[in-house]
Each structure stands twice: as structure tokens, then as C-alpha cells.
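> Take this sequence and fold it.
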Amino acid sequence: MTLPFAIPVLATERLILREPREADFPAMLAFNDSPRAVHLGGGIERRWIWRGLLANIGHWALRGYGFYSVDTRAGDFIGRIGVIYHDGWPEPELAWHLFDGHEGRGYAQEAALAAQTDYHARLSPAPLISMIATDNTRSEALALRLGATREKTLSDDKGSYHIYRHRAPGGMA
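Numbers count the residues shown, from 1 in each chain. Here you go, the predicted structure:
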């Protein structure tokens with residue numbers, strides 16, 4: 001399948017960040033059913049995961065950015081990382097999730113830096129945020145490794161989360 005619009009392919013030392021594909025769906029379902037999805041509303045119905053895949057493609061079509069599907073150089077689909085900006089959110093967010101068995105290797109940091117660099121080069125120099133559940137210590141640690149600082153804590157009907165602010169190119173905060 002070829003999409004009727006271009007999504008950049010980004011290559012890092014160990015990873016390929018590429019367009020979302022229908023073939024990604026089984027791994028997305030498995031992630032949804034795993035404990036790793038707890039901070040993303042995991043355990044939701046299959047149809048919502050399908051709609052999430054389609055929404056990501058639509059996000060790329062509408063905004064020119066979104067979640068990349070992240071593969072290792074060996075071709076293993078290991079997660080989704082990119083910049084998203086959903087209705088009702090305060091600003092565009094640099095977001096990530098890796099599938100089970102791929103954490104602790106620096107993949108998320110490597111992919112997040114590539115996605116952030118691409119966003120700033122193609123779209124905007126404005127700093128990005130990350131919205132992280134207050135009990136998601138692993139994502140908080142990644143945000144800090146990426147150079148983000150905690151700005152504030154907010155709550156809504158889904159819980160409490162911290163807003164981390166990333167530095168833009170040139171150190172603009």
C-alpha cells in the first residue's frame with residue numbers, strides 16, 4: 001500500500017522511522033493488551049486500536065507529522081514515536097511507546113531525537129511538550145535524558161500528568 005502523501009523516512013544508527021502500515025496492526029493489538037499500555041489507556045477494544053492506526057495516518061495527512069512506526073535495522077517493528085497534536089491538547093507533543101522487550105536499549109531516546117529533529121527542521125522551531133502520567137517514571141526519565149524540564153502538573157478526567165518542555169533548536173525554551 002502506498003499512501004497518497006509523503007511521510008519522511010528517517011534513519012538513525014540502529015533504527016528506521018517510517019510510515020504507519022496495516023501490517024503494524026497485530027503488534028499494536030499486542031501492545032494494547034500488555035501491561036506496558038497502562039499509561040495509554042491499554043486494554044481498549046480492538047476497534048479502537050484500528051481507529052488509532054487510521055487516525056495516525058489521518059494525522060499525517062492533516063498536519064504533516066504524526067507517529068512514526070519504528071523498526072530496528074533488522075526489520076523488527078518495536079514501537080511508535082513522533083509528534084502528535086490532538087484536539088484539546090495544549091501544544092504539539094513529542095510522544096513515544098515501545099513494545100515489550102525493546103525497552104532499556106536506548107531505542108526510544110534515539111527515535112525521539114530523530115523525530116524531534118525532523119519536526120523542527122520541516123515544520124517549526126517552537127519547543128515541544130511531552131504529557132506524561134505522574135506515575136510513569138520510565139517516561140519521565142526519558143524526558144529528562146532528552147533535556148526536557150518539568151513545567152507543571154495537570155489533571156483531567158483520565159488522571160494526572162506532568163507537562164515536560166523540550167528545548168528547541170538553539171536552546172529556545
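> From now on I want contacts and neighbour counts done on CA atoms only, so please keep to that.
Will do.
> helix, strand or coil for residue 87?
Three-state call for residue 87 (DSSP: H, G, I helix; E, B strand; the rest coil): coil.
> got it, and residue 110?
Per three-state DSSP, the local secondary structure of residue 110 is helix.
> Excluding sequence neighbours, find me the nearest residue to it.
residue 12 (7.2 Å; Cα to Cα, 6 or more residues apart in numbering).
> Return the distance of that neighbour relative to residue 88.
Distance, residue 12 to residue 88, by Cα to Cα, to the nearest Å: 32 Å.
> again, but for residue 64
Distance, residue 64 to residue 88, using Cα to Cα: 18 Å.
> got the CA positions of the helix or strand bottoming out on mean pLDDT in the chain in CSV?
Here the helix or strand of the chain ranked lowest by mean pLDDT, DSSP states H and E is helix 25-32, holding a mean of 79. Provided in CSV are the C-alpha atoms of helix 25-32 (Å, rounded to 0.1, in the frame of the first residue of the first chain):
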residue,chain,number,x,y,z
PHE,A,25,-1.8,-3.6,13.5
PRO,A,26,-1.1,-7.0,15.1
ALA,A,27,1.8,-5.6,17.1
MET,A,28,-0.3,-2.6,18.1
LEU,A,29,-3.0,-5.0,19.4
ALA,A,30,-0.5,-7.0,21.4
PHE,A,31,0.9,-3.8,22.9
ASN,A,32,-2.7,-2.7,23.9
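> Following element in sequence after that helix, please.
With elements assigned by DSSP states H and E, the helix or strand that comes after helix 25-32 is helix 46-63.
> Convert that following helix to CSV, retaining C-alpha atoms only.
Written as CSV, here are the backbone C-alpha positions of helix 46-63 (Å, rounded to 0.1, in the frame of the first residue of the first chain):
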residue,chain,number,x,y,z
ARG,A,46,-9.8,-3.9,19.1
ARG,A,47,-11.8,-1.5,17.0
TRP,A,48,-10.3,1.5,18.9
ILE,A,49,-6.8,0.2,18.1
TRP,A,50,-7.7,0.0,14.4
ARG,A,51,-9.2,3.5,14.6
GLY,A,52,-6.0,4.7,16.2
LEU,A,53,-3.9,3.4,13.3
LEU,A,54,-6.2,5.1,10.9
ALA,A,55,-6.2,8.3,13.0
ASN,A,56,-2.4,8.4,12.9
ILE,A,57,-2.5,8.2,9.1
GLY,A,58,-5.0,11.0,9.1
HIS,A,59,-2.9,13.0,11.5
TRP,A,60,0.0,12.8,8.9
ALA,A,61,-2.4,13.9,6.1
LEU,A,62,-3.9,16.8,8.1
ARG,A,63,-0.8,18.1,10.0
